[in-house]
Structure formats: C-alpha cells, structure tokens
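>>> Build the 3D model from these lines:
(one chain, ligands or ions: 2)
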Amino acid sequence: MERGTGTPERRRRRLLVLGAGAAQLGLLEAARALDLFVIAVDRDPAAPGFPLADRRAIISTEDEPGIERLAEAERINGVIAPGIDWPVAVAARVAKRLALAHPLTPEVAQLAISKVKQRERFGEAGVPQPRTEIAKSLAEARAAVERLGFPCVVKAPDRQGQRGLALVEDEASFATAVDAALEASRSTSCLVEELIDGQEVTVNAFSLDGRFHPLTVTDRMRADPPAFGVALAHVWPSALAPAHVGAAVEAAREAAAALGIENGPTYTQVVVGSQGAKVVELAARLGGGHDAELCEAALGVDLNELALAAALGEPIPAQVLAPLEPAGGAVTQFLTASPGELRAVEGVDEALAVEGVARARIYRTPGWRFGELRIGSDRAGAVQAVGDSRAQALERAAAAAERIRFVTADVDAKALA
Ligand SMILES: Nc1ncnc2c1ncn2[C@@H]1O[C@H](COP(=O)(O)OP(=O)(O)OP(=O)(O)O)[C@@H](O)[C@H]1O
Ligand SMILES: [Mg+2]
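Ligands and ions are numbered 1, 2, ... in the order given. As a prediction, the model looks like this:
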C-alpha cells in the first residue's frame, strides 16, 4: 500500500483493543511484537497496558458510541476485547457497522455475554449445566431455592470477575446474596443455581470455520469463601483422569456449538464431578488470567497471536493450532497482598530468577488500597512457571510467588470497606 509521500510501504495494520488492564497485557505485548499499530481503550489513565499501545483513549470500554467514533477516526482494521465480557459484544457490533472482518457476529457475541441467554441456549441444545432459575426479586429467588435447595450459587446475569457472585450455604445469608446480585446486575434479575461439586477446569480453545480446537485444559484452583469462585492458580496439565478431561472438552465444544461460535478463542469453565462435566460459563474471548500466555508456555501455541489474526480477519492455517514441543507442566499462580495501602513491591527480580519462571505480573502500583480477598480484582499479580512436570511447575511457581512481597501499611479500616 502507498502512503504519505508515495514511498511504497506496508501500512501498519491498526487494531483497536478494548481494555488495557492486567487481563490485556499479553495480547498487547503480542500486538507490539507483530508491529501492529495499537489504539488501546481504558477509562483508567493508569491502566498498565497503556505503555504498550501506540495511542491511548481514556474512555470506558462500554462507551459504544465513543468507541465507534474512535474506530472510524482511527481507520482501524480490526477490534478486539480480549479479556472482558461486556465489550466483546461492543467489539462485534462496531466491527459489523464498520464492515470489518470479525470472528463473532453481534448476535453470537450478545449470547456469549449473557449468563441467562447462555443457560437458555445450553438448555435447548442439551449442554450439561447446573440447574438454574432466573429471579427478579427476593420472593422469586426464595421460590427458586426451594426447588434447587441449599447450598446454591447466586449471581448477576451479566457481570464477571465474581461481582455479585456468592455461594450460599443456608437461608441466613440468602437475602444478602440476592440483594448483592440484583444490585450488581445490569438488568433487573439474578440467577440462582445449583452448586456443582467437583474439580473445575478451564478449556481454552480456538475455533476455526466452525471447528473447535481444544488447546490447554487447566485445573482452576479456587479460593475459599468468601472469595468464592476466585482463581488462585491455573495448572496444566489437569490432574483429572483423561476421560474426565475429555468430558470437559466435549462439554466446552457443545457449549461453543450451542452459542454458534465458529471462529476465535473461547474460555469455558467446566466443573467435573460425580454427575459428569457441567458448563459453568463460556466466554467468547481469551481468558483474563494470562491464559493465552500459559497456553504458549505449555503447548507452544501462541493464542494471543491467533486472537489477533482473527480480529484482523487474517487467514489462520489449522496447522498453527497443533501443539509444538509441549512442556511437562505450566502454572499461573496468582498473588495476593495483605489488606492495607500498597507501599512497595519487592522481590520481582528474585522471582524471575527462579528457574522456569518466565513472567511475573504486578497489577497495582503504590498507593493502591488492598482489601480482603473477595473477588478476582482483589488479587495483586501473578507468576507463570513451566517445568518438566506439573509438580515441578507448581513448585517453581510457588517459589517465585514466595519471593514477591507486597509491602502494605495499615490504613483506616473504614476506607478499605
Ligand atoms: N453453579 C456453580 N457451581 C459450582 N461453582 C460455581 C457455580 N457458579 C459459579 N461457580 C464458581 O464461581 C466461579 C465464577 O463463576 P461465574 O463464571 O459464573 O462468575 P463470573 O463473575 O463470571 O466469574 P469469572 O469472571 O471468573 O468467569 C466459577 O469459575 C466457579 O468456580
Ligand atoms: Mg465467568
């Protein structure tokens, strides 16, 4: 393509990335490595991904008119929401209006960002899932839990990162959980679900022309309540028996098919228990916990690059999805901090010096106030390690995590509430 003075030059492909937080760092690094021209959107001027972008736009990733104007003005070639759900549908609609190639249609993206619509589709298609009821009030929620029984899970239908999510053991805390879910909800309803017992795995996959290619299946190690559902580590390979891993992959494949996902990455949370594999949720994007980087470390398949190619409408040959020199084990371990105001983060270089540790990400800068661990965004960072085996990768990640210290100072307890 000719540009400017007429010097023949391949114009840098221009990509709009919705979100510049910790969840997008891997994709932003991959975009930079490919020399894409990146315009990153985040309402937080201090978003850690901004330094990786060529241009930054300080607007909300949910401000659809603003994003569309920006997309037009920047003459983008593609748009992607790599790590957050709601903007996945914004990206699909903006791409359609601008006639850009995109892995998801707006209709499919809209299904993927709604836990209610997913449950409906899964029900119609026979995808295994927890029994779920929708409630618009405490009275409806009580009627639902009478049928489902305790313990149950209460959640907002259109949030992520455990906002408005609770495990409810008995009647005593039910009303509070329902109020919180209704409050967090963008609509007027919440979901009441049967609690599925078992080991949870994440199926990270990539679809190409309707064919679902499973990549890493990782064990999701979860925090205890009140941080219900928060991932403390993703561990590959899964310790589940191969047949159970296979059942999880099948459930994720069926979930993607039920939503009509034909192209691009999917991140599917599946609990495998005595009743088989059940789908908690599917996200039509990369995982927000550095899952693409873990896939690269585990299998040598660059999931960030694949997502970029899909967002730019570039051809993807199926052979790039074939695992290349798999590692023995690979682990993402999340870091937590004691409550208080962050003064300093120490030991990152020591952590990176541990053999097999390729990456340490620190989510917060001094001045940030940590509360107790309740939801995903209360986490402080993550380290990633590979090893000859799962056990060795776990040991190395733990050794690295131990070396990183978040120095926090007590602040007025009320300010942290
Ligand atoms: N019905 C359920 N049975 C068992 N565990 C559940 C259930 N629903 C949610 N969980 C747990 O809570 C986690 C988060 O649930 P869910 O995905 O519905 O909420 P979210 O706010 O979208 O969180 P995330 O951003 O991690 O996806 C799940 O990964 C799982 O560990
Ligand atoms: Mg989820």
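
>>> got a list of what the nearest residue to residue 141 once chain neighbours are set aside touches?
Among residues not flanking residue 141 along the chain, residue 135 sits closest, at 3.8 Å (C-beta to C-beta, 6 or more residues apart in numbering). (C-beta placed from N, C-alpha, C; glycine too.) Residue 135 makes contacts with 141, 143-144, 178, 189-192, as judged by C-beta atoms under 8 Å, 6 or more residues apart in numbering.

>>> Could I get the phi/psi values of residue 135?
Backbone torsions for residue 135, taken as degrees, to the nearest 10, come to phi -130, psi 140.

>>> The stretch 1-150 of the chain against ligand 1: which residues are in contact?
Counting by C-beta under 6 Å from any ligand atom, the stretch 1-150 of the chain comes close to ligand 1 at residue 130.

>>> Can I get stretch 336-351 in PDB, CA atoms only?
Written as PDB, here are the backbone C-alpha positions of stretch 336-351 (Å, rounded to 0.1, in the frame of the first residue of the first chain):
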ATOM      1  CA  THR A 336      -2.400 -11.800  47.000                       C
ATOM      2  CA  ALA A 337      -1.500  -9.000  49.300                       C
ATOM      3  CA  SER A 338      -2.400  -8.200  52.900                       C
ATOM      4  CA  PRO A 339      -5.000  -5.600  53.300                       C
ATOM      5  CA  GLY A 340      -3.700  -2.100  53.500                       C
ATOM      6  CA  GLU A 341      -2.200   0.600  51.300                       C
ATOM      7  CA  LEU A 342       0.500  -0.600  49.000                       C
ATOM      8  CA  ARG A 343       3.800   1.000  49.700                       C
ATOM      9  CA  ALA A 344       6.200  -1.200  47.700                       C
ATOM     10  CA  VAL A 345       6.500  -4.400  45.700                       C
ATOM     11  CA  GLU A 346       9.800  -6.300  46.400                       C
ATOM     12  CA  GLY A 347      11.400  -9.400  45.100                       C
ATOM     13  CA  VAL A 348      10.200  -9.400  41.500                       C
ATOM     14  CA  ASP A 349      13.700  -9.900  40.100                       C
ATOM     15  CA  GLU A 350      14.300 -12.700  42.600                       C
ATOM     16  CA  ALA A 351      11.100 -14.300  41.500                       C
END
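
>>> Not counting residues beside it along the chain, what's closest to the residue of the stretch 301-417 of the chain found nearest ligand 1?
Nearest residue of the stretch 301-417 of the chain to ligand 1: residue 376, at 5.9 Å (C-beta to the nearest ligand atom). Nearest non-adjacent residue to residue 376, counting by C-beta to C-beta, 6+ apart: residue 161, 4.3 Å away.
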